[in-house]
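Colleague: Got a predicted model here, sequence first, then my questions.
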Amino acid sequence: MIRLVVFLLLLPGLAQAACRQALSLGLDVSSSVDDQEYRLQLNGVVAALNSDIVREILLSRPEVPIRLHVFEWSGPLNHRIIVPWTEVRTSEDLARITRLLRSHDRGVAAPTTAIGAAILQGYAYLAPHTDCWQRTLDLSGDGMTNTGPPPESIPDTQRPPGVTVNGLVVGAGDLRIGDARFVDIKELSSYYRTRVIRGPGAFVEVALGYEDFAAAMERKLVRELASMAVGALQ
């Protein structure tokens, strides 16, 4: 599969853009995420970005790079940039992103979860990147909105043209002791599918606990980048 993905990413049509994709990753840091889970989340992003398949995709065409951006969110006004927009052209660029993620200190862990506000903030981050072939907002979270604008109330007219919003939902609990939150993952996945994700090819990935976050993030990144290439082929 990796060779197919890289082959598609090398299609001449993508050379028309200044970048292949602007990808903003929004991480939930509300109070439902404890400090251990928070670190698993950051380390999971690091592991996914540095996996063999994702590295090969990211570095495959430095003249038409992918731009990466990472921020954390919780309450309606709690948004903090972890990694500013960075074009990934070399291994050194990826190493710089890795260092920022590993050294970051957690911001405000608000007691509320404002997915709608995170979507609007993500739109603002992505709006200037009109020179990219595709723009994607990826929100990770382990709960539903309980404050701020409901995500389903945000009209499509506010979404920058062509922007896709994907989701990574986390069943945060201990499977070994029958934690009920693992049962709720189906409900949360359905919530994200019907109310959160939007745009061309939008999808939801699932992590069965923060211990599974790295693997789920890797699957999600590969699917996002592969869907971009397939879109270019079409």
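Modeller: Alright, I've got the coordinates. Numbering: from 1, shown residues only.
Colleague: Spatially central residue in this protein, please.
Modeller: Of all residues in the chain, the one closest to the mean position by C-alpha atoms, centre = their mean is D138, 2.9 Å from it.
Colleague: Just to be sure, that one is in a strand?
Modeller: Yes. Checked against DSSP: H, G, I helix; E, B strand; the rest coil, D138 lies within a strand.
Colleague: That one and N43: what is the separation?
Modeller: Per C-beta to C-beta, to the nearest Å, D138 is found 17 Å from N43. (C-beta placed from N, C-alpha, C; glycine too.)
Colleague: picking that back up, from memory the residue nearest to the centre of the chain sits against K220, does it?
Modeller: Yes. Checked against C-beta atoms under 8 Å, the pair D138 and K220 is within contact range at 6.8 Å.
Colleague: intersection of neighbour lists for these two?
Modeller: Counting by C-beta atoms under 8 Å, 6 or more residues apart in numbering, the contacts common to D138 and K220 are 166, 168.
Colleague: quick revisit: give the bridge partners for the residue nearest to the centre of the chain, please.
Modeller: In this structure, D138 has the following beta-bridge partners (DSSP bridges): L25, N166.
Colleague: which of the residues in stretch 91-109 are buried?
Modeller: When burial is assessed from 16 or more other C-beta atoms under 10 Å, stretch 91-109 yields the following buried residues: 93-94, 97-98, 100-101, 104, 107, 109.
Colleague: Serialize the residues you listed to TSV and add fields for distance to E187 and secondary structure.
Modeller: Conversion of those to TSV gives the following (distance: C-beta to C-beta, whole Å; DSSP: H, G, I helix; E, B strand; the rest coil):
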residue	distance to E187	secondary structure
D93	39	helix
L94	36	helix
I97	33	helix
T98	34	helix
L100	34	helix
L101	30	helix
H104	31	coil
G107	28	coil
A109	23	coil
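Colleague: tell me the secondary structure for A118?
Modeller: Three states are possible here, and by three-state DSSP the one that applies to A118 is helix.
Colleague: Nearest residue to it in space, please, no chain neighbours.
Modeller: Distances taken as C-beta to C-beta, 6 or more residues apart in numbering place W73 nearest to A118, at 4.1 Å, with adjacent residues excluded.
Colleague: how distant is stretch 135-142 from the center of its chain?
Modeller: Counting by C-alpha atoms, centre = their mean, to the nearest Å, stretch 135-142 is centred 4 Å from the centre of its parent chain.
Colleague: Can you read off the backbone torsions of P150?
Modeller: Backbone torsions of P150, given as degrees, to the nearest 10, read phi -60, psi 140.
Colleague: what pLDDT does the closest residue to it other than its chain neighbours get?
Modeller: With sequence-adjacent residues excluded and distances taken as C-beta to C-beta, 6+ apart, P150 is closest to G116, at 5.6 Å. Note on G116: pLDDT of 98.
Colleague: Can you verify my assumption that G116 contacts M144?
Modeller: No. Distance between G116 and M144: 10.8 Å, which falls outside the contact criterion (C-beta under 8 Å).
Colleague: So, low pLDDT: which residues of this structure?
Modeller: Using pLDDT under 70 as the threshold, the predicted model of the chain has low-confidence ranges 1-17, 172-183, 227-234.
Colleague: Run through the helices of it in chain order.
Modeller: Here the chain has its helices, by DSSP state H, at 2-9, 35-49, 52-59, 91-103, 115-126, 185-191, 213-233.
Colleague: what's the most buried one of those helices?
Modeller: Among these, ranked by average contacts under mean count of other C-beta atoms under 10 Å, first place goes to helix 115-126 (a mean of 22).
Colleague: Tell me the helices and strands packed up against that helix.
Modeller: In this structure, helix 115-126 makes packing contacts with strand 19-28, strand 66-73, strand 79-88, strand 132-141, judged by 3 or more C-beta pairs under 8 Å, 6 or more residues apart in numbering; DSSP states H and E.
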